[in-house]
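# one predicted model, sequence on top.
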Number of protein chains: 2
Amino acid sequence: MIDRLINRIEKMANPTVVGLDPTYEMIPAHIKDEMLNKYGKTPKAAAKMFQSFNQEIIDHISDLVPAVKLQIAMYEQYGIEGLRTYLESITYAKKKGLIIIGDIKRGDIASTAAAYAAHLGGVEIEGTRFDLWNEDAVTLNPYMGFDGIEPFLSPCNEYDKGIFILVKTSNPSGREVQDLIADGKPVYEQVAELVVKWGEMAMGTNGYSRVAAVVGATYKEQGIELRKRMPHTFFLIPGYGAQGASGDDIRGYFDQDGRGCIVNSSRGIIAAYRNDRKYGDHNFAEAAREAALIMKRDLGGIS
Amino acid sequence: MIDRLINRIEKMANPTVVGLDPTYEMIPAHIKDEMLNKYGKTPKAAAKMFQSFNQEIIDHISDLVPAVKLQIAMYEQYGIEGLRTYLESITYAKKKGLIIIGDIKRGDIASTAAAYAAHLGGVEIEGTRFDLWNEDAVTLNPYMGFDGIEPFLSPCNEYDKGIFILVKTSNPSGREVQDLIADGKPVYEQVAELVVKWGEMAMGTNGYSRVAAVVGATYKEQGIELRKRMPHTFFLIPGYGAQGASGDDIRGYFDQDGRGCIVNSSRGIIAAYRNDRKYGDHNFAEAAREAALIMKRDLGGIS
């Protein structure tokens, strides 16, 4: 997936991943009304709203951006029906050629990590493999060390999937643990070294590993430093746009060829219609496309 | 939930939580055959196997142990059908009076953490609250700091729920991050201090906080030290039994009144029938009960 992702970024000249992280509040009134009428005030109605919302966004961006990232929590909160929408949105986006990052941030040990690895490797039942989750890559949490990562390496290599391990997150309180100074270096740098080491076990063919990292856009100097220390590690960059960072802030996260990163924007794109009066509720997806185009231009100077 | 949990532990004189973490391999042949016949070689068949297996285990232990812990990964690997079993097993166990710990180890920031908090606080749709996940408590990952924890505090206090934050996990490679020495102390002690601080915001009525910790049984000295530093923090202890630790190893994790902990065993109980020839496949649940009784006796000297 890392080769496919880099190829698609270059083909589209756009290192953007759109975060399909809908909230109930951002669903336009006409979609809300339709689904409440059909399904009542139920979790199924909310799930169907997200599905309809996502599809229209996907239709308007799939020729423009290489990938989408789905934050599973937004779906999981609506239980089984919500997760059904998570899966259906993935299927829909895949059909449109988009690469799928499941933002699941799972992290556990041994046999449990192996079970979570079904997100990438599928699950076998009496000799038949079922790829029920169908993501191209997922995000993972490193707190439990290699035990929690290892089961994902074999699907990465065997089925050309990818993992993005949290190194430096974009939120303010991430510092409480990640910036503790351990043996002369912050914890996130120690984690970065582990990610580099693990990454050697799953190299792609174009210089980057299938073991990638999450590095927040909100810490410019650290991003530059991490790029130097992690020359073969691809970065997924959250924190652009709504969280405050701009294209200029993340220039140094890219390699000298303008590669090596994909930048996420969620609200800034999918809820753009709420910030621009020229788009009515019905044109939320056009507003998303326009916001994606503006982001592409903002990042255009880099890659 | 922390008060209810402690009361139930005392009433039953048993600080055990049974891990309902089934694997395909541990399902007895007669259950496998039944479900494969009914549902074919499908994820639904696997999910129904787990459901049937769990129910029989629950029937045989619900008068003996205060709580069960469900490792969501074991269900999530079978997709929607697997998660349906996760939910149905929770409903079934609750009816039998068991307290439910959802071992979900989620961890994310801000609005995403708020969405995950639906596991405890439910989700609201047009003024109606749906408690779709229905756990009494869940496990959480601290890597992103307080941003990832805060949204859970209000359901803890408002609906009497609980959270168990990973401090020191039982797996060998947990050390790679957790034992880094940061500002003179290992990272897990730094996390312990955060957990103590966060815990003050959600105290129960009997001396323990609704913000609890996961502390592995496999690190005896550290467990004793953490008990001293965390006098109001309840511990969930994995790593007993199959992972190697015994009752003696965890004596020091308890407070001077023999309270303050619940000890998990998963495979050691639910797959006990595979280690003892006197139980056939059909009596797997009797074997689980017998293993739970042995564990109760082993822990009996403590509490």
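The structure has been received and is ready for your questions. Everything quoted here is computed from the prediction, not taken from an experiment.

# okay, CA-based contacts and neighbour counts for the rest of this
Noted.

# now do stretch A:231-240: distance from first to last residue.
Start-to-end span of stretch A:231-240 (CA to CA, to the nearest Å) is 22 Å.

# check the average confidence over that stretch, would you?
Stretch A:231-240 comes out with an average pLDDT of 95.

# buried residues of it, list them for me.
Using 16 or more other CA atoms under 10 Å in any protein chain shown as the burial criterion, the residues of stretch A:231-240 that qualify are A:232-240.

# ok, now stretch A:116-129?
Those would be A:116-125, for stretch A:116-129 by 16+ other CA under 10 Å.

# in strands only, show me the buried residues of stretch A:231-240.
Counted as lying in strands by DSSP state E, out of the buried residues of stretch A:231-240, are A:235-237.

# and for residue A:158, the neighbour number?
Neighbour count of residue A:158, defined by other CA atoms under 10 Å in any protein chain shown: 11.

# do a quick rundown of the helices in chain A.
Secondary structure of chain A by DSSP state H: the helices cover A:2-12, A:29-39, A:43-61, A:72-76, A:79-95, A:110-116, A:118-121, A:150-158, A:175-178, A:187-199, A:220-229, A:267-270, A:284-300.

# need the CA coordinates for the longest one. CSV is fine.
What follows is helix A:43-61, C-alpha atoms only, in CSV (Å, rounded to 0.1, in the frame of the first residue of the first chain):
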residue,chain,number,x,y,z
PRO,A,43,-28.8,4.8,15.9
LYS,A,44,-29.7,3.4,12.4
ALA,A,45,-30.9,6.8,11.3
ALA,A,46,-27.6,8.4,12.5
ALA,A,47,-25.6,5.7,10.7
LYS,A,48,-27.6,6.2,7.5
MET,A,49,-27.0,9.9,7.7
PHE,A,50,-23.2,9.3,7.9
GLN,A,51,-23.4,6.9,5.0
SER,A,52,-25.3,9.3,2.8
PHE,A,53,-23.0,12.2,3.8
ASN,A,54,-19.8,10.2,3.2
GLN,A,55,-20.9,9.0,-0.2
GLU,A,56,-21.6,12.5,-1.5
ILE,A,57,-18.3,13.7,-0.2
ILE,A,58,-16.5,10.8,-1.8
ASP,A,59,-18.2,11.4,-5.1
HIS,A,60,-16.9,15.0,-5.1
ILE,A,61,-13.3,14.3,-4.0
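
# name the residues that touch it?
For helix A:43-61, the external contacting residues (CA atoms under 8 Å, 6 or more residues apart in numbering or on different chains) are A:20, A:22-24, A:27, A:31-32, A:35-36, A:38-39, A:75, A:78-79, A:81-82, A:84-86, A:88-89, A:92-93, A:96, A:270, A:284-286, A:288-289, A:292, B:125, B:130.

# and the residues you listed, which are buried?
The neighbour count (16+ other CA under 10 Å) marks A:20, A:22-23, A:27, A:31-32, A:35-36, A:75, A:78-79, A:81-82, A:84-86, A:88-89, A:92-93, A:270, A:284-286, A:288-289, A:292, B:125, B:130 as buried among the contacts of helix A:43-61.

# residue A:182 contacts residue B:181, correct?
Yes - applying CA atoms under 8 Å as the test, residue A:182 and residue B:181 come out as touching, 4.9 Å apart.

# joint contacts of the two?
Any residue near both residue A:182 and residue B:181 by CA under 8 Å, 6+ apart counts here, and that gives residue B:187.

# distance check, residue A:97 against residue A:249.
29 Å.

# who has more neighbours out of those two?
residue A:249 (17 against 14).

# and the pLDDT for the more buried one?
Turning to residue A:249, the model gives it a pLDDT of 87.

# thought it was touching residue A:222?
No - in terms of CA under 8 Å, residue A:249 does not count as a neighbour of residue A:222; the distance is 11.0 Å.

# okay, now the unreliable bits of the stretch 101-250 of chain A?
Within the stretch 101-250 of chain A, the ranges that satisfy pLDDT under 70 run A:242-243.

# so what's the residue count around residue A:178?
Neighbourhood size, residue A:178 [other CA under 10 Å]: 25.

# show me what contacts it?
Each residue near residue A:178 by CA under 8 Å, 6+ apart is listed here: A:167-168, A:186-188, B:143-144.

# let's see that with 10 Å instead.
A:166-169, A:186-191, B:142-145, B:177, B:187 (CA atoms under 10 Å, 6 or more residues apart in numbering or on different chains).
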